[in-house]
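Asks: predicted structure and sequence below. I'll ask about it afterward.
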Amino acid sequence: MQIQHLVSRWGSDVNSLGSYSYDAVGKPHDLYERLRIPVDNLFFAGEATSTDHPGSVHGAYHTGQLAAEDCRMRVLERYGELDLFHPVMGEDTPASVPLLISRI
């Protein structure tokens, strides 16, 4: 079995030299809200969608919470309940649900 990996040298990379992204002058004020609009059952989050803390870990975390709440509300709207997943173990045993988080 072959294991592949990538080590980033962001600060010394000649193509980035530790640079970071920032808002363009004259960008639409509602850009972040438009980036967060769900597409069917696909919800978007991350620092690029944060109005309060763009480009930061705080923004990524906060929009993740917003996307989770949007997802919860979508489940309630479509199915009328949140008890769609039942634990395999006994009722008294706490169950955890694995999450799949995808980055593009």
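Replies: Sure thing, it's come through.

Asks: and for residue 43, the neighbour number?
Replies: By other C-beta atoms under 10 Å, the residues close to residue 43 number 18. All C-beta atoms are positioned from the backbone trio N, CA, C, and that covers glycine.

Asks: go on, the one 10 residues further on?
Replies: By the other C-beta under 10 Å criterion, the neighbourhood of residue 53 contains 14 residues.

Asks: in a helix, that's where it is, yeah?
Replies: No: in this structure, residue 53 is coil, not part of a helix, as judged by DSSP: H, G, I helix; E, B strand; the rest coil.

Asks: show me the shaky parts of this protein.
Replies: For the chain, the stretches flagged by pLDDT under 70 are 18-21, 82-104.

Asks: in it, which spans are helices?
Replies: 31-35, 57-79 (DSSP state H).

Asks: and residue 13, which of those helices is closest to it?
Replies: Residue 13 lies closest, by C-beta to C-beta, to one member of the helices of the chain: helix 57-79, at 20.8 Å.

Asks: export the helices of the chain as CSV, with columns for distance to residue 11.
Replies: Formatted as CSV, those follow (distance: least, C-beta to C-beta, whole Å):
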stretch, distance to residue 11
helix 31-35, 27
helix 57-79, 18
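
Asks: mean neighbour count added to those, as TSV?
Replies: Shown next, in TSV, are the helices of the chain (neighbours: other C-beta atoms under 10 Å):
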stretch	mean neighbour count
helix 31-35	14
helix 57-79	14
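
Asks: gap between the residue nearest the centre of the chain and residue 52?
Replies: Among the residues of the chain, residue 45 comes closest to the average C-alpha position under C-alpha atoms, centre = their mean, at 3.4 Å. Counting by C-beta to C-beta, to the nearest Å, the gap from residue 45 to residue 52 is 13 Å.

Asks: kindly report the same for residue 38.
Replies: From residue 38 to residue 52 the distance is 19 Å (C-beta to C-beta).
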